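Q: only the shape, not the letters, is given here:
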């Protein structure tokens, strides 16, 4: 175990991030954007037209990341 918190609470408690690797089944939702695309693996191609953000989505940065 890496010691990371999962799920992760963001913006107080207004957003909760659940890593997809924790899910057993299809959650029935699909991605609407790509966050942290600036640090993706160089061999990974994002092949859709969803918005890409190199770091945090503007307006949703936690205080410690500003």
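A: On my side now, so go ahead. This is a predicted model, so every value here is computed, not measured.
Q: next, count neighbours for residue 22.
A: By the criterion of other Cβ atoms under 10 Å, residue 22 has 8 neighbours. Just so you know, the C-beta spots here come from the backbone N, C-alpha and C atoms, and that holds for glycine as well.
Q: now residue 65
A: That count, for residue 65 with other Cβ under 10 Å as the rule, works out to 9.
Q: cool, and residue 10?
A: 15.
Q: that one is in contact with residue 63, isn't it?
A: No: Residue 10 is beyond contact range of residue 63, at 10.4 Å (criterion: Cβ atoms under 8 Å).
Q: which residues of this protein fall in helices?
A: Assigned helices in the chain: none (criterion: DSSP state H).
Q: contacting residues around the helix or strand of it with the lowest mean pLDDT?
A: Taking mean pLDDT, DSSP states H and E as the measure, the chain has strand 8-10 as its least confident helix or strand, at a mean of 76. With contact meaning Cβ atoms under 8 Å, 6 or more residues apart in numbering, strand 8-10 is reached by 15, 16, 17, 60, 62.
Q: need these in CSV with neighbour count, can you?
A: Below are these laid out as CSV (neighbours: other Cβ atoms under 10 Å):
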residue, neighbour count
15, 12
16, 11
17, 12
60, 13
62, 13
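Q: can you add distance to residue 33 and pLDDT and give these back as TSV?
A: Converted to TSV, those look like this (distance: Cβ to Cβ, whole Å; pLDDT from 0 to 100):
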residue	distance to residue 33	pLDDT
15	13	77
16	17	80
17	13	79
60	10	82
62	17	79
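Q: take those residues and lay them out in TSV including distance to residue 52.
A: Shown next, in TSV, are the contacts of strand 8-10 (distance: Cβ to Cβ, whole Å):
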residue	distance to residue 52
15	19
16	22
17	18
60	15
62	20
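Q: what about those residues, which are in strands?
A: Of the contacts of strand 8-10, the ones assigned to strands by DSSP state E are 15, 16, 17.
Q: surely the second one and residue 7 touch.
A: Yes: with contacts counted by Cβ under 8 Å, residue 16 reaches residue 7, the gap being 4.9 Å.
Q: any idea how far residue 65 is from residue 42?
A: Distance, residue 42 to residue 65, by Cβ to Cβ, to the nearest Å: 23 Å.
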